[in-house]
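Trainee: Here is my input, please return the structure:
(2 chains)
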Amino acid sequence: MIGNFLDQFWSLTFGGLSLGFIYILIALGYTMVYGVLRMINFANSEVFMVATFATIIIVRDVYNFTQTSEYATGFRLWLILGTALLASMVVAGVLSVLIEIVAYRRLRRMNSGILAPLISAIGVSMVLAEAVRMMTDSRPVASPRAMEKSFIGKFFDADIRLDNTIIIFAAVILLTLLLAFVNKTRLGKAIRAVSMNGNAAKLMGINIDGVVSITFLVGGLMTGAAGFFYVLKYENTSFSIGFELGIAAFTAAILGGIGNIKGAFYGGLALGLLETYASFFLGTQWKAVTVFVVLVLILYTKPNGLFGEAMTQTRA
Amino acid sequence: MINLRDKGAEIWERANRPQRVLMAISFIAMAAALPFLGGTFLNTPIADYQSVLVYPIAMFVLMAIGLNIVIGKSGLLDLGYVAFFAIGAYTMGLLGTRTSLNTWEILPIGIAMAMFSGIILGVPALKLRGDYLAIITLGFGEIIRIVALNLEVLGRSGGIIGIPTPPPIFGIEYAFDSHRIYYWTLLIIILFAIWMVRRLSVRRAGRAWESIRQDEDAAELMGVPTFKYKVWAFVLGASVGGAAGVFYASKTLFIAPDNFTLQISILILACVVFGGMGNIWGVIAGAVILGYLPDRIRFLSDARLLVFGLVLVIMMNLRPDGLLPRKKREKALPNKDSNKDKS
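Mentor: As a prediction, the model looks like this:
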């Protein structure tokens, strides 16, 4: 067992890293909203689910790929990947903003405490998951393969797969852009201000509703990208996928310290690797259990996360 | 907004003892007479009225009462309530098929198992903020299902079949299709649960929960052992869920992991929210309406979860107190945390 593990160590590590980046991007949807509103963006998992479907629709229906068609190459491949990524990001971003308006805004204005927005967000995610379930007849949907998953090189003994490489590079680019946006632009500054102190930010003339919408938009964009990468890596999706990935990404956000972007980064990578290694030893059916045990252990021992700057535990 | 709850409470408080007894007895008699009500109109497309009365209606009512202790009374959002239901059902399934114990003997064991797991989960989880608790319980509900799906002893996806029906008690036989008998038994369990909740509500525990829900920090400062009472609320809620699970397994004779999905938790949550968090009569009304209507109206039965989701969003936004709100004096003060934290 251990020998096997060492043989496969690097290929597991690459798989785990690309999974980790998917988690990071979804975790950003949780962590950014949490930073601004101090609320869990419960419907984020379903935003992710819808984004995976957006990717499939682009590849299958816009570019007319079927399970038997030939792989795209060269410029056409990059065009397809680019549009699919963009489309799922836009769909997820817009959906995320809509969710904020439907599920949170009114309750936020009423100052209705912490329970009500949570419940209403759960309602929204239920509606999304059920609507998609009925549209897909409760069946998982396979994505046609537009890109040949060739091996582009070797690292020690492990083959480096093209899709994993694309995911890691594209995710790093997105994260860099996000960090630049949050740290360098005026809007980013406004977001940081609101997450530090909402009332003071308001007094300084920051439009809170606008900032909240932008935060949901950015979180949605990142989650949408994760949806695209997920389909690229696993080539299928289903209406129920949001739950599993959502709770894992949330665990990643907590692991790194929810509310800060760096925390999501480290947490996502750690969880992606941990989950991949653990499912090698225990079998994939225990994957969700591993994630949950990690979540409980962290919350029990270090509720502010392992890597993040400690955020004081605000009580409900 | 009309507050039927306060009207009802007023009438109740003005009544003297014999009048109260009379009212209670007539209510119970009306509930007990429900199976004799009305012919074919009340049948749903998939089942006849009497069996619908047992599941989902009475079962939902029982679980909603249990969940109401956790959410409505003490303001803790438990999204994994189905876990306790499943633990009760699997206890019944395992012990009922492997040992010679009967349903009535397993009932306390199932309740104890559910309470025990409530402690195991509650002690770490209840130290945390409310929204973390929601995620933890959500995960827990799903984990129980995954464990049942992957453990040989729990029958994997096949579940457990051939669970015995309850043995005769006082000469009453529990045949597979005698829905009335099951309904009346459930009614007794429900009445017992209502009695328990009502008694607790007016005592120390109820006051402690009330104060925790309204302002946990203030409660702690006033010397309420908040953590202890939160665990208590959680465990009591679990015990009701466990009882419902034992009885459910013994009624359907067959359980599988598919019976215990996340959706059940959300359904029960919707019942509680729709009816009115914290008000036991509202919760019962919510469970009856949401248990029955989606089954009755044909085009709704496919989309029932969609409807439940919509119910959650709409109720929270337009009438957060639910159909029958809690007593005015029990309403929380305007939330001070949200003023402090946000705009």
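Trainee: Could you report the neighbour count for residue A:5?
Mentor: 12 (other Cβ atoms under 10 Å in any protein chain shown). For every residue, glycine as well, the C-beta is placed using N, CA and C.
Trainee: quick one: low-confidence parts of the chain?
Mentor: No chain was given, so I picked chain A. A:307-316 (pLDDT under 70).
Trainee: ah, I was thinking of chain B
Mentor: Ranges of chain B meeting pLDDT under 70: B:1-5, B:38-46, B:129, B:171, B:176, B:298, B:300-301, B:327-343.
Trainee: Could you look up the SS state of residue A:152?
Mentor: Following DSSP: H, G, I helix; E, B strand; the rest coil, residue A:152 is assigned to strand.
Trainee: and the residue of the stretch 101-250 of chain B found nearest chain A, what does it touch?
Mentor: The nearest approach of the stretch 101-250 of chain B to chain A comes at residue B:130, 3.5 Å away (Cβ to the nearest Cβ). Contacts for residue B:130 (Cβ atoms under 8 Å, 6 or more residues apart in numbering or on different chains) come out as A:114-115, A:118, A:316, B:75-77.
Trainee: change it to 7 Å
Mentor: Neighbouring residues of residue B:130 by Cβ atoms under 7 Å, 6 or more residues apart in numbering or on different chains: A:114-115, A:316, B:76-77.
Trainee: Tell me which two of the residues you listed sit farthest apart.
Mentor: Spatial extent of these (Cβ to Cβ) is set by the pair A:114 and B:76 at 11.0 Å.
Trainee: ok, these two, which is more surrounded?
Mentor: Of the pair residue A:114 and residue B:76, residue B:76 is the one with more neighbours under other Cβ under 10 Å, namely 26 against 22.
Trainee: Do I have it right that the more buried one meets residue B:70?
Mentor: Yes. Using Cβ atoms under 7 Å, residue B:76 is in contact with residue B:70, at 5.2 Å.
Trainee: Could you name every residue contacting both of those two?
Mentor: Contact criterion Cβ under 7 Å, 6+ apart; residues bridging residue B:76 and residue B:70 by contacting each: B:233-234.
Trainee: circling back: return the subset of the contacts of residue B:130 lying in helices.
Mentor: residue A:115 (DSSP state H).
Trainee: nearest to residue B:260, of the contacts of residue B:130?
Mentor: residue B:77 (19.4 Å).
Trainee: I'd guessed that closest one sits against residue B:71; true?
Mentor: Yes. Contact criterion Cβ under 7 Å: residue B:77 and residue B:71 qualify, at 6.1 Å.
Trainee: who has more neighbours, these two?
Mentor: Taking other Cβ under 10 Å, residue B:77 and residue B:71 do not tie; residue B:71 has more neighbours (26 against 21).
Trainee: Which strands and helices lie in contact with the helix or strand harbouring residue A:32?
Mentor: For residue A:32, the host element (DSSP states H and E) is helix A:2-37. Applying 3 or more Cβ pairs under 7 Å, 6 or more residues apart in numbering or on different chains; DSSP states H and E, one finds that helix A:2-37 contacts helix A:44-57, strand A:158-161, helix A:162-184, helix A:186-196, helix A:208-234, helix A:241-256, helix A:261-282.
Trainee: Now do it against helix A:186-196, angle only.
Mentor: Counting by axes from the mean of the first three to the mean of the last three Cα atoms, to 10 degrees, helix A:2-37 lies at 90 degrees to helix A:186-196.
Trainee: Tell me which residues of helix A:2-37 come out buried.
Mentor: By 16 or more other Cβ atoms under 10 Å in any protein chain shown, the buried positions in helix A:2-37 come out as A:10-37.
Trainee: now what about stretch A:284-298, what contacts it?
Mentor: Residues contacting stretch A:284-298 (Cβ under 7 Å, 6+ apart): A:244, A:247-248, A:251, A:254-255, A:271, A:274-275, A:278-279, A:282, A:306, B:124, B:136, B:139, B:142-143, B:146, B:150.
Trainee: And stretch A:217-226, by the same measure?
Mentor: By Cβ under 7 Å, 6+ apart, the list of residues contacting stretch A:217-226 from outside reads A:22, A:25-26, A:28-29, A:32-33, A:41, A:44, A:47-48, A:51, A:85, A:88-89, A:91-93, A:95-97, A:174, A:178.
Trainee: need the helices for the stretch 1-150 of chain B, in chain order.
Mentor: Shown for the stretch 1-150 of chain B, the helices assigned by DSSP state H, counting those that start in this stretch span residues B:4-14, B:17-33, B:49-52, B:59-68, B:81-98, B:103-125, B:130-150.
Trainee: now, of those helices, which is deepest in the fold?
Mentor: Of all the helices of the stretch 1-150 of chain B, helix B:59-68 has the most neighbours on average by mean count of other Cβ atoms under 10 Å in any protein chain shown, namely a mean of 28.
Trainee: who does that one touch, helix- and strand-wise?
Mentor: Going by 3+ Cβ pairs under 7 Å, 6+ apart, helix B:59-68 lies up against helix B:81-98, helix B:179-201, helix B:226-252, helix B:262-275, helix B:280-296.
Trainee: and the ones you listed as CSV, adding distance to residue A:169?
Mentor: Listed next are the helices and strands packed on helix B:59-68 as CSV, based on distance: least, Cβ to Cβ, whole Å:
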stretch, distance to residue A:169
helix B:81-98, 41
helix B:179-201, 57
helix B:226-252, 46
helix B:262-275, 35
helix B:280-296, 48
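Trainee: how about those, which one is nearest residue B:312?
Mentor: Nearest of these to residue B:312, taken as Cβ to Cβ: helix B:262-275 at 5.5 Å.
Trainee: May I have the closest one exported as PDB, CA atoms only?
Mentor: Coordinates of each C-alpha in helix B:262-275 appear next as PDB, following Å, rounded to 0.1, in the frame of the first residue of the first chain:
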ATOM      1  CA  LEU B 262     -30.800  16.000   3.000                       C
ATOM      2  CA  GLN B 263     -34.200  16.900   1.500                       C
ATOM      3  CA  ILE B 264     -36.000  15.500   4.600                       C
ATOM      4  CA  SER B 265     -34.100  17.900   6.800                       C
ATOM      5  CA  ILE B 266     -35.100  20.800   4.500                       C
ATOM      6  CA  LEU B 267     -38.700  19.600   4.400                       C
ATOM      7  CA  ILE B 268     -39.000  19.600   8.100                       C
ATOM      8  CA  LEU B 269     -37.200  23.000   8.300                       C
ATOM      9  CA  ALA B 270     -39.700  24.400   5.800                       C
ATOM     10  CA  CYS B 271     -42.600  23.100   8.000                       C
ATOM     11  CA  VAL B 272     -41.200  24.800  11.000                       C
ATOM     12  CA  VAL B 273     -40.400  28.100   9.200                       C
ATOM     13  CA  PHE B 274     -43.700  28.100   7.300                       C
ATOM     14  CA  GLY B 275     -45.800  27.500  10.400                       C
END
